[in-house]
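Participant: Show me the folded form of this:
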Amino acid sequence: MTYIQFEAPKHEKQTEKKPLTTKVFEGVLDVLTKFIPKGMPDFEDKIDEVKYWLVECDNEGFPEREVGLDIEKQVILKMPFKDNYGYWTDNNLLLDDFKEHFVVAEISKEAFEQMWELYQ
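Facilitator: The predicted structure follows:
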């Protein structure tokens with residue numbers, strides 16, 4: 001296993017005007033998502049608050065578990081946990097992709113586990 005930490009990517013706010021068809025389509029999607037189970041029902045509203053991610057990757061480089069920390073480095077979420085699939089564990093990125101797209105620092109298993117256990 002490999003354990004990494006990196007700063008959360010910034011979410012850019014779009015300021016350009018959208019065509020009416022795009023607005024209608026997004027409205028329909030909003031309605032539909034009310035009836036489709038979410039992959040992170042407990043943490044959907046906390047993702048934007050994450051400043052740092054800790055990610056555990058298996059020997060093949062696949063993310064297994066993740067911990068989200070806020071700006072004060074307090075644990076605000078962990079996944080997978082209960083009904084929450086995960087943010088990074090539910091995509092196609094591998095360890096090498098994280099290293100290519102983010103400034104990654106390796107951390108110890110103990111440091112990861114300590115943060116993992118803080119969220120109950």
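Participant: remind me which residues of this structure are low pLDDT?
Facilitator: 11-42 (pLDDT under 70).
Participant: mind checking the SS state of Glu106?
Facilitator: Three-state call for Glu106 (DSSP: H, G, I helix; E, B strand; the rest coil): strand.
Participant: make that Lys78, sorry
Facilitator: Under three-state DSSP, Lys78 comes out as strand.
Participant: Could you measure from the residue nearest in space to the middle of the chain over to His101?
Facilitator: The residue lying closest to the centre of the chain (Cα atoms, centre = their mean) is Tyr87, at 3.4 Å. Separation of Tyr87 from His101 (Cβ to Cβ, to the nearest Å) stands at 14 Å. The way it works is simple: take the backbone N, C-alpha and C, and place the C-beta from them, glycine included.
Participant: cool, Ile71 as well?
Facilitator: According to Cβ to Cβ, Ile71 stands 21 Å off from His101.
Participant: And for Asp90?
Facilitator: 17 Å.
Participant: neighbour count winner among the two?
Facilitator: Legend: neighbour count by other Cβ atoms under 10 Å for Asp90 and His101, higher for Asp90 (14 against 11).
Participant: wait, is that one part of a strand?
Facilitator: No - according to three-state DSSP, Asp90 belongs to no strand; its state is coil.
Participant: need the strands for this structure, in chain order.
Facilitator: Remark: strands assigned in the chain by DSSP state E are 2-7, 52-57, 63-69, 75-79, 105-107.
Participant: Excluding chain neighbours, what is closest to Glu64?
Facilitator: Among residues not flanking Glu64 along the chain, Glu56 sits closest, at 4.9 Å (Cβ to Cβ, 6 or more residues apart in numbering).
Participant: show me what contacts that neighbour?
Facilitator: Met1, Thr2, Tyr3, Pro63, Glu64, Arg65, Glu66, Phe112 (Cβ atoms under 8 Å, 6 or more residues apart in numbering).
Participant: so what's it bridging to?
Facilitator: Legend: beta-bridge partners of Glu56 under DSSP bridges are Tyr3, Arg65.
Participant: The protein: helices as residue ranges?
Facilitator: For the chain, applying DSSP state H gives helices covering 20-33, 95-101, 109-118.
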